[in-house]
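Student: Show me the folded form of this:
(2 chains)
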There are 2 protein chains.
Amino acid sequence: MLSKTHSKYIQSLHHKKSRDADNVFIAEGNKVVPELVQSKQFVCIEILGTKEWLQQHEVFLRKYYNGPLQEVESFELEKISALSTPNQVLAIFKKAAPVAIEVKGKISLVLDTIQDPGNLGTIIRIADWFGIQNIICSNNSTEMYNPKVVQSTMGSLGRVDIIYTDIAEWLQEHNEIRVYAAALDGKPVQQCKGIKEGLIIIGNESKGISKEILELVNEKITIPKIGEAESLNAAVATGIILSHIV
Amino acid sequence: MLSKTHSKYIQSLHHKKSRDADNVFIAEGNKVVPELVQSKQFVCIEILGTKEWLQQHEVFLRKYYNGPLQEVESFELEKISALSTPNQVLAIFKKAAPVAIEVKGKISLVLDTIQDPGNLGTIIRIADWFGIQNIICSNNSTEMYNPKVVQSTMGSLGRVDIIYTDIAEWLQEHNEIRVYAAALDGKPVQQCKGIKEGLIIIGNESKGISKEILELVNEKITIPKIGEAESLNAAVATGIILSHIV
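Tutor: Below you'll find the model as predicted:
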């Protein structure tokens, strides 16, 4: 049985302010929780699951985690869940320690004002698929610990290094690395094979890449359009570009 | 001012049962509504917008539409909206008449149990970007008139022909066309250039392509994995495959 106070505390972690205050975040679901428990980036503080789920996963969890396994009823999980579809498990993790990012000799992603949590999560998952180690987010991008971001990474959150920074300044500090941008006017992506080092900028869902950042770009890459859609989803564009150049 | 009865009626259209009963659906937003008003597939029945929005768009709308332009307050729109982010305009459209799909000499998409509305909408938008005319959905795929699908197509709904059918039967009736499948074990997508005719099957978000359908596949296509993510989002995989073969 979950106490009212504890239930309210977990609900408060749906909001950035409370996550920041305690330096923690929540993750949910059968897929995401076990992946993050294994991850070296995050320390698990508490796991709350249904009786059946905890019984099924206890042996696995205990390899990585010594803290409390709190048994809760489905209706209690529903209350503390930040997602519309209820899950069998929710866990609280400490946020990752700040990472030092090394961009030499590899391809990294730079996100300029990605605002949709689903898009950011999907981009993190794509980066993990293509072996991209680093994501540099503009300060005004959506927060990586938003529950919807955590959910849509499907566990990849623990395998990609993510920093938030003033990306204009950061790009100027790293001006020895070639900067590519996903744009509507550029070199067709099919002709951009075998890039071994570079920063690939993905712009905002509706406004694209900001003017200040565009000035720092060395080469634009485009996904040629055959039909009539005005744009592609930012995560889809990221996946397409990486599949061609990696 | 919106009457209570009318407000309730529009709210009822958030649900499939009511949409089916009246053969209509709702679309929202500054981008989607004008695109669908122009579309030849859909007849617009009513537009409800804020005073400012209607004033700004009246000249454009009247080129395609003679019906009522109902002025509503923002709080009224919020009530009738099916989306979490409120918009300035909502419109009711008649569903499209059944279409006859011609798959010879072109590439078409076949969706096996795509269940997330955001994924289906994004796939429709991707199809429109790459000039794919046809999408054949399994009967148990999410409904194309779900408000979240409509929203995430960003207006592409009016430019792609979509049918729902028993896809196992349908594939057998079209066995003169080569069938490709997005799979984890197959020919690397980078080696699949210049396909001019074919059906590309995209499987369910977590279960992939069903066994029954897999037996009808001629060739599997895979997106080589470099990192560790277990899978890619279904819409992202669709975008990647189309960008290589089209």
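Student: ok, which stretches of chain A are strands?
Tutor: With DSSP state E applied, chain A shows strands at A:24-28, A:44-49, A:69-71, A:89-94, A:107-111, A:134-138, A:161-165, A:179-188, A:198-202, A:219-222, listed in chain order.
Student: Looking at these, spot the one closest to B:Gln190.
Tutor: B:Gln190 lies closest to strand A:179-188 among these, at 14.8 Å (C-beta to C-beta). (Glycine included, C-beta is placed from N, CA and C.)
Student: packing partners for that closest one?
Tutor: Applying 3 or more C-beta pairs under 8 Å, 6 or more residues apart in numbering or on different chains; DSSP states H and E, we find strand A:179-188 packed against strand A:198-202, strand A:219-222, helix A:234-245.
Student: for the record, mean pLDDT for the first one?
Tutor: Along strand A:198-202, the predicted confidence averages to a pLDDT of 98.
Student: same check, this time on the shortest one
Tutor: Per-residue pLDDT values over strand A:219-222 give a mean of 97.
Student: Just to check, A:Ser243 is in contact with B:Ile223?
Tutor: Yes: with contact defined as C-beta atoms under 8 Å, A:Ser243 counts as touching B:Ile223 (6.1 Å).
Student: what residues are shared contacts of those two?
Tutor: By C-beta atoms under 8 Å, 6 or more residues apart in numbering or on different chains, A:Ser243 and B:Ile223 have these common neighbours: B:Val189, B:Ile240.
Student: Would you mind naming what in chain A lies close to chain B?
Tutor: By C-beta under 8 Å from any C-beta of the partner chain, the residues of chain A that approach chain B are A:31, A:118, A:122, A:125-132, A:152, A:154-156, A:159, A:189-190, A:223, A:225-233, A:235-237, A:239-240, A:243-244, A:246.
Student: Going by neighbour count, which of those are buried?
Tutor: Using 16 or more other C-beta atoms under 10 Å in any protein chain shown as the burial test, the residues of chain A next to chain B include A:31, A:118, A:122, A:125-132, A:152, A:154-156, A:159, A:189, A:223, A:227, A:229, A:231-233, A:235-237, A:239-240, A:243-244, A:246 as buried.
Student: Domains in chain A, by residue range?
Tutor: A:4-94, A:107-245 (automatic domain parsing).
Student: For A:Gly203, which non-adjacent residue is spatially closest?
Tutor: Of all residues beyond its chain neighbours, the one nearest A:Gly203 is A:Ile209 (3.5 Å), with distances taken as C-beta to C-beta, 6 or more residues apart in numbering or on different chains.
Student: hang on, the earlier thing: need the winner for burial among the domains of chain A.
Tutor: Among these, domain A:107-245 has the highest mean neighbour count (mean count of other C-beta atoms under 10 Å in any protein chain shown), at a mean of 20.
Student: Return the residues in contact with A:Val160.
Tutor: So A:Val160 contacts A:Ile124, A:Ala127, A:Asp128, A:Ile132, A:Gln133, A:Asn134, A:Ile135 (C-beta under 8 Å, 6+ apart).
Student: From B:Thr222, how far off is the last one?
Tutor: Just to be clear, that refers to A:Ile135. Distance from A:Ile135 to B:Thr222, counting by C-beta to C-beta, to the nearest Å: 24 Å.
Student: For A:Val99, which non-adjacent residue is closest in space?
Tutor: Leaving out its chain neighbours, the residue that sits closest to A:Val99 by C-beta to C-beta, 6+ apart is A:Asp161, at 4.5 Å.
Student: Assess the claim that the one you found and A:Gln133 are in contact.
Tutor: Yes: A:Asp161 is within contact range of A:Gln133, at 5.8 Å (criterion: C-beta under 8 Å).
Student: Show only the entries of the residues of chain A next to chain B found in helices.
Tutor: A:118, A:122, A:125-129, A:152, A:235-237, A:239-240, A:243-244 (DSSP state H).
Student: can you tell me which residues contact A:Ala181?
Tutor: Residues counted as contacts of A:Ala181 (C-beta under 8 Å, 6+ apart) are A:Ile200, A:Ile201, A:Gly203, A:Ile209, A:Ile213, A:Leu214, A:Val217, A:Glu219, A:Lys220, A:Ile221.
Student: Was I right to think the last one contacts A:Ala182?
Tutor: Same thing as A:Ile221. Yes: contact criterion C-beta under 8 Å: A:Ile221 and A:Ala182 qualify, at 5.9 Å.
Student: Between those two, which contacts overlap?
Tutor: A:Ile200, A:Ile241.
Student: measure A:Glu35 to A:Ala229 for me?
Tutor: According to C-beta to C-beta, A:Glu35 and A:Ala229 sit 33 Å apart.
Student: what's the answer for A:Ile114, then?
Tutor: When distance is defined by C-beta to C-beta, A:Ile114 is 19 Å away from A:Ala229.
Student: try A:Val24
Tutor: 40 Å.
Student: do A:Met1 as well
Tutor: A:Met1 is 51 Å from A:Ala229, where distance means C-beta to C-beta.
Student: related to what we said a few turns ago, point out the one among the strands of chain A that comes closest to B:Gln55.
Tutor: strand A:179-188 (30.1 Å).
Student: residues touching A:Val110, list them.
Tutor: Residues counted as contacts of A:Val110 (C-beta under 8 Å, 6+ apart) are A:Ile135, A:Ile136, A:Cys137, A:Ile167, A:Trp170, A:Leu171, A:Val179, A:Leu199, A:Ile200, A:Ile201, A:Ile202.
Student: The last one contacts A:Ile114, correct?
Tutor: Yes: at 6.8 Å, A:Ile202 counts as touching A:Ile114 under the criterion of C-beta under 8 Å.
Student: Give the residues shared as contacts by these two.
Tutor: Taking C-beta under 8 Å, 6+ apart as the contact rule, A:Ile202 and A:Ile114 both touch A:Ile123, A:Ala234.
Student: What ranges in chain A fall below the confidence cut-off?
Tutor: For chain A, applying pLDDT under 70 flags no range at all.
Student: between the contacts of A:Ala181, which is closest to chain B?
Tutor: A:Ile221 (11.7 Å; C-beta to the nearest C-beta).
Student: how much space between the closest residue in space to that closest one that isn't next to it in sequence and chain B?
Tutor: Leaving aside its sequence neighbours, A:Ile221 sits nearest to A:Gly186 (C-beta to C-beta, 6+ apart; 4.9 Å). Using C-beta to the nearest C-beta, to the nearest Å, we find A:Gly186 at a distance of 14 Å from chain B.
Student: For A:Gly186, which residues are in contact?
Tutor: Contacts for A:Gly186 (C-beta under 8 Å, 6+ apart) come out as A:Glu219, A:Lys220, A:Ile221, A:Thr222.
Student: mind checking how far it is from B:Ile223?
Tutor: To B:Ile223, A:Gly186 is 22 Å away according to C-beta to C-beta.
Student: quick one: stretch A:66-82 to chain centroid distance?
Tutor: 24 Å (C-alpha atoms, centre = their mean, to the nearest Å).
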